[in-house]
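S.K.: how would this look folded up:
(chains A and B)
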2 protein chains.
Amino acid sequence: MKSDSKSPVVILVAAQLGENIGASARAMLNCGLDRLRLVRPRHGWPNPHALPSAAGADRVLETIEVFDTTAEAVADVSCLYATTARLRDMIKPVLDPRAAAFEARGRATAGEQVGWLFGPERAGLDNADVVAAHRIVHVPLNPEYASLNLAQAVLLMAYEWRMAEHAEIPKLRGVKEWERAATQAELDNFFNRLETSLDAGGFFEVPEKRPSLVRNIRNVFTRAQVTNQEVRTLHGIITALLGKPGRPDKTT
Amino acid sequence: MKSDSKSPVVILVAAQLGENIGASARAMLNCGLDRLRLVRPRHGWPNPHALPSAAGADRVLETIEVFDTTAEAVADVSCLYATTARLRDMIKPVLDPRAAAFEARGRATAGEQVGWLFGPERAGLDNADVVAAHRIVHVPLNPEYASLNLAQAVLLMAYEWRMAEHAEIPKLRGVKEWERAATQAELDNFFNRLETSLDAGGFFEVPEKRPSLVRNIRNVFTRAQVTNQEVRTLHGIITALLGKPGRPDKTT
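M.R.: From the prediction side, this is the model:
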């Protein structure tokens, strides 16, 4: 199954290592992309070193298209993004991967074919290829050590493409069907039992400090946002620590 | 030159391939990070396969620290992020790398030591390691092909850390001057004492259920992200509930 035709094409120019072609395919499929093109791969194509590093992303390798020139490889592209570590002496918009992916999403949604161009491992894209691009993509890396592996560069673009699709919504995971957040009443009940037990155990040596200590203890459990099941567990802990057999009250 | 001591530590648990350790070091240094720790690397350390894929990030390899257990490797960490492809049956906040890096920046700025935990290539982190974490980091990848290469996972976190540098950092809740987030070692110490006391109190009636109950209990307190002062309070609670005069140990 081919992806939506409006998804970006990834074009690797003069890639040297089959391992990097395979790893790029893997990174792309991780992010839902599968249209990979090669321009003059150093060791031809297919390359037996690509398969192991593709790690199962075989269908991306199987549909690779190979071209003699960058011009042919990008012929159907209407917005071309050239990734480069060195900022060139060219007057072109420079975007980081996030801004580039965001913009590319907009263009793709509007029906444009976008393409991302990556140069060979050692030298990067040559100027002629960069000139052909509409945008330069520059990753704001450590200036003292900015040499990014080819597949890592592909991953960052593909990841930003994917992230541009989703909003980030942190949420609690793994709450079971029969579990739910504890009610305030359940928590209060637990707190009252705990504090009564602490009074009996001489925990609050200085009476004036009792209110702030109580508040601090309640804070810990409130912050944890416990479930009803966890409140039951906490009751069990009190029972066990008090060393009384059975459950002393039926409050849970 | 060591980086700022508050920069995150990257911890690789049971990494199989030296190539991935080297590529992780490279990705880290690309993003300005250099503190790498290994827990039980499959083929020991040093590993000759790491150097070529580090591609010049030698100083990260040279300062690698090796540990026998995850607990030792994260002992000085007060906010631990566990990266995982599979969403576990655990009640913990789940963040994508962007939200995680953003939050980690805030914590590091406030003086906390944050750590990022990565599991072995095939299996990922085991549950015991995930339980110890405060946050789960999940990359929203293609659900049909979500297996990310180890060094690629490291890159995404390091890249988001770097991208978050110029973002506005959220202010953390009102921790007092003399308070700080509890370290993993302080938490472990508390857990061990609690569980020993629960064993003595007959809390774990069904031995087969002990591991999951222990995990649930640890989850509650890990999720609360307690301070060192709160750990002392929790110790005091155990002491009081056990009904012994004085403090039975000096662990706090």
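S.K.: Next to chain B, which bits of the stretch 1-150 of chain A? Give me the list.
M.R.: Taking Cβ under 8 Å from any Cβ of the partner chain as the contact definition, the stretch 1-150 of chain A meets chain B at A:23, A:26-27, A:29-32, A:55-57, A:96, A:98, A:139-142, A:145-149. (Each C-beta comes from the backbone N, C-alpha and C, glycine too.)
S.K.: and with 7 Å instead?
M.R.: Residues of the stretch 1-150 of chain A found near chain B (Cβ under 7 Å from any Cβ of the partner chain) are A:23, A:26-27, A:29-32, A:55-57, A:98, A:140-142, A:145-149.
S.K.: hang on, A:His235 packs against A:Phe191?
M.R.: No: judged on Cβ atoms under 7 Å, A:His235 makes no contact with A:Phe191 at a distance of 11.2 Å.
S.K.: More neighbours: which of the two?
M.R.: A:His235 (20 against 16; other Cβ atoms under 10 Å in any protein chain shown).
S.K.: I'd like to know which of the residues of the stretch 1-150 of chain A next to chain B are buried.
M.R.: Buried members of the residues of the stretch 1-150 of chain A next to chain B, counted by 16 or more other Cβ atoms under 10 Å in any protein chain shown: A:23, A:26-27, A:29-32, A:55, A:57, A:98, A:141-142, A:145, A:147-149.
S.K.: Widest-spaced pair of those residues?
M.R.: A:Gly32 and A:Tyr145 (30.0 Å; Cβ to Cβ).
S.K.: quick one: low-confidence parts of the stretch 1-150 of chain A?
M.R.: A:1-5, A:88-90 (pLDDT under 70).
S.K.: can you give me the helices in it?
M.R.: Ranges of helices in the stretch 1-150 of chain A, per DSSP state H, counting those that start in this stretch, are A:18-30, A:50-54, A:58-62, A:70-73, A:97-109, A:127-132, A:150-163.
S.K.: what's the distance between the third one and the middle of its chain?
M.R.: I take that to be helix A:58-62. 23 Å (Cα atoms, centre = their mean, to the nearest Å).
S.K.: Need the per-residue pLDDT for A:Ala182.
M.R.: According to the prediction, A:Ala182 has pLDDT 81.
S.K.: what's the burial count for it?
M.R.: 23.
S.K.: Need the phi and psi values for it.
M.R.: The phi and psi values for A:Ala182, taken as degrees, to the nearest 10, are phi -60, psi 140.
S.K.: tell me the contacts of it?
M.R.: By Cβ atoms under 7 Å, 6 or more residues apart in numbering or on different chains, the residues touching A:Ala182 are A:226-228, A:231.
S.K.: distance of it from chain B?
M.R.: 11 Å (Cβ to the nearest Cβ, to the nearest Å).
S.K.: Off-centre distance for whatever helix or strand A:Ile238 lives in?
M.R.: Secondary structure assignment for A:Ile238, by DSSP states H and E: helix A:228-242. How far helix A:228-242 lies from its chain's middle: 37 Å, per Cα atoms, centre = their mean.
S.K.: next one: stretch A:70-85
M.R.: 26 Å.
S.K.: Just the CA trace of it, in CSV.
M.R.: Taking C-alpha atoms only, stretch A:70-85 is exported to CSV below (Å, rounded to 0.1, in the frame of the first residue of the first chain):
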residue,chain,number,x,y,z
THR,A,70,19.0,15.5,-8.7
ALA,A,71,17.0,17.4,-11.3
GLU,A,72,15.3,14.2,-12.4
ALA,A,73,14.7,13.1,-8.8
VAL,A,74,12.9,16.3,-7.9
ALA,A,75,11.1,16.9,-11.2
ASP,A,76,7.7,16.5,-9.6
VAL,A,77,8.5,18.4,-6.5
SER,A,78,7.1,21.9,-6.1
CYS,A,79,8.7,22.8,-2.8
LEU,A,80,12.2,21.4,-2.2
TYR,A,81,13.9,21.6,1.2
ALA,A,82,17.7,21.2,1.2
THR,A,83,19.2,20.0,4.5
THR,A,84,22.6,21.3,5.3
ALA,A,85,24.9,21.7,8.2
